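S.K.: quick one, what's the 3D model for this:
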Amino acid sequence: MNFIYFIKKMSLCLFLIIIAGFVLLFSDGGNLNSGGKNGNLKTGILKFVIIEYSDAPISEESRAGILDGLGANGFKADRDYVLRSFKAHGDVTVLNGIIDSAASLNCDIIFTISTPALQAALKKIKNVPIVFASAGDPIGAGAGKSFTDHAENVTGISSMSDFEGMINVLKETMPEAKKIGTIFTPSEINSVFYKNEFEKAAKKNNIELVAVPVTASSEIIEASMNLCSKNIAAICQIVDNITAPSFATIVKTASNSKIPVLGFGSTNVKDGAILAYARDYHQCGVDAAKLAVRILKGERPANIPFEYISKTDLSINKKAFKANNITLKSELLKKAVKVLGE
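M.R.: Numbers count the residues shown, from 1 in each chain. The predicted structure is shown next:
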């Protein structure tokens, strides 16, 4: 009996050791130091998650950039990594459910696209590296005190627009403009931050910024009409999760009042803006992928400073210039990387 009891005890111990081994093996993705030693990439199939808050074009561009960035660094889907993608379609309740699901997947990297996605992830995910893309104000979102002093499991790319650059482009395009407008979303910290920063840049150049708030996409038409009644020279539309998908609506409403629209999104010229001075959101994803690779090579997210998108481009819509009776100066045209209506 004692011998049988001993065998049973030994079998149970062996079983527990095997189970513990499996737990350690599959929990490795939750380690903040998930890269290998001495800069070597972690072996085996990696597990990545991408979480998008909205369906805006900038979100799609960032996602494509992440995948292209991984490819450029030698990572091939289904060979080196498996990917789960989630979209909240602008619904905060859905977003929180997605975060809960992502937290249970035992993945190696979680990519978030947009400020709301980053905020939600910060609240619930502490032991998996988070790499954010397209977050305008990561500090305001709660990711840290500064670009170098931040949460231990977080790093990423800020998409804050170049507001000074836009004002310079505006002055070159419409030197007589002294009053411009934009629509913003008070419930989005990145939108309020953008509005305030843009207002500062405009004020420095003796230009007044009129900002009209919205709480939902259904209010865009009314807000646009309200803005156009303020005797503004142009609408310079900042980027947020409500106004970005409705940019074409803003342009259409403004055109009825013969008011030109300038944008901060790279696809805005396709929707009728006379020009866009935009961070390259595809590049945003590429840049985020580079940071993820550094983590996989062994760097701690806490030691990787946040960065701004490394590329800003000027795009021009010649037809929109003509439709708004604005002279397109050759000096400005030479600066454009993309020109529509050639």
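S.K.: in this protein, mark out all the strands, start to finish.
M.R.: With strands called from DSSP state E, the chain shows them at 46-52, 81-87, 109-113, 130-135, 154-158, 179-184, 208-213, 234-237, 261-263, 275-279, 307-308, 312-317, 338-340.
S.K.: residues making contact with the fifth one?
M.R.: Spelled out, that is strand 154-158. 112, 118, 122, 129-138, 143-144, 147, 284, 287-288, 291, 295, 301-302, 304-309 (Cβ atoms under 8 Å, 6 or more residues apart in numbering). All C-beta spots, glycine's among them, are computed from the backbone N, C-alpha and C.
S.K.: lowest-pLDDT helix or strand in the protein?
M.R.: Least confident helix or strand of the chain, by mean pLDDT, DSSP states H and E, is helix 2-27 with a mean of 40.
S.K.: give me the number of residues near K297?
M.R.: Counted with other Cβ atoms under 10 Å, the neighbours of K297 add up to 16.
S.K.: any stretches of the stretch 201-342 of the chain with poor pLDDT?
M.R.: Residue ranges of the stretch 201-342 of the chain with pLDDT under 70: 342.
S.K.: helices along that one, start to end?
M.R.: Along the stretch 201-342 of the chain, the stretches classed as helices by DSSP state H, counting those that start in this stretch are 220-228, 247-256, 281-296, 318-323, 330-335.
S.K.: so the longest one versus strand 81-87, what angle?
M.R.: Orientation check (axes from the mean of the first three to the mean of the last three Cα atoms, to 10 degrees): helix 281-296 against strand 81-87 gives 130 degrees.
S.K.: what's helix 281-296 packed up against?
M.R.: helix 57-72, strand 109-113, strand 130-135, strand 154-158 (3 or more Cβ pairs under 8 Å, 6 or more residues apart in numbering; DSSP states H and E).
S.K.: can you pull the buried residues of that helix?
M.R.: 281-296 (16 or more other Cβ atoms under 10 Å).
S.K.: check stretch 226-241 too.
M.R.: Those would be 226-228, 232-241, for stretch 226-241 by 16+ other Cβ under 10 Å.
S.K.: how near is the nearest residue to S85 once chain neighbours are set aside to A289?
M.R.: By the measure of Cβ to Cβ, 6 or more residues apart in numbering, the closest residue to S85 outside its immediate chain neighbours is I50, 4.7 Å from it. For I50, the distance to A289 (Cβ to Cβ, to the nearest Å) stands at 11 Å.
S.K.: which residues are common contacts for these two?
M.R.: Shared contacts of I50 and A289, defined by Cβ under 8 Å, 6+ apart, comprise I66.
S.K.: the residue nearest the centre of the chain: what's it in contact with?
M.R.: Nearest residue to the geometric centre of the chain (Cα atoms, centre = their mean): S134, 1.4 Å. Residues in contact with S134 (Cβ under 8 Å, 6+ apart) are 58-59, 62, 113-115, 157, 159, 281, 284.
S.K.: need the contact list for V92.
M.R.: Taking Cβ under 8 Å, 6+ apart as the test, what V92 contacts is 116, 120.
S.K.: check the one 4 residues further on too.
M.R.: When contacts are counted by Cβ under 8 Å, 6+ apart, N96 touches A120.
S.K.: so how far is S134 from it?
M.R.: 19 Å.
S.K.: thinking again about what came up before, buried ones from the contacts of strand 154-158, can you make that a ChimeraX selection?
M.R.: Selecting the buried subset of those in ChimeraX, with 16+ other Cβ under 10 Å as the burial test, is done by:
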select :112,118,122,129,130,131,132,133,134,135,136,137,138,143,144,284,287,288,291,295,301,302,304,306,307,308,309
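S.K.: quick one on the thing from earlier: select, out of the helices of the stretch 201-342 of the chain, the one closest to E152.
M.R.: Closest of the helices of the stretch 201-342 of the chain to E152 is helix 281-296, at 11.8 Å (criterion: Cβ to Cβ).
S.K.: pull out the buried residues from stretch 57-67.
M.R.: For stretch 57-67, the neighbour count (16+ other Cβ under 10 Å) marks 57-63, 65-67 as buried.
S.K.: give me the distance from that stretch to the chain's centre.
M.R.: Chain-centre distance of stretch 57-67: 8 Å, with Cα atoms, centre = their mean, to the nearest Å.
S.K.: mind exporting it as PDB, just the C-alpha atoms?
M.R.: Output in PDB follows, covering the C-alpha atoms of stretch 57-67 (Å, rounded to 0.1, in the frame of the first residue of the first chain):
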ATOM      1  CA  PRO A  57      -9.200  56.400 -42.600                       C
ATOM      2  CA  ILE A  58      -6.300  57.400 -40.300                       C
ATOM      3  CA  SER A  59      -7.000  54.200 -38.300                       C
ATOM      4  CA  GLU A  60      -6.900  52.000 -41.400                       C
ATOM      5  CA  GLU A  61      -3.700  53.700 -42.500                       C
ATOM      6  CA  SER A  62      -2.000  53.200 -39.100                       C
ATOM      7  CA  ARG A  63      -3.000  49.500 -39.100                       C
ATOM      8  CA  ALA A  64      -1.600  49.000 -42.600                       C
ATOM      9  CA  GLY A  65       1.600  50.700 -41.500                       C
ATOM     10  CA  ILE A  66       2.000  48.400 -38.500                       C
ATOM     11  CA  LEU A  67       1.700  45.300 -40.800                       C
END
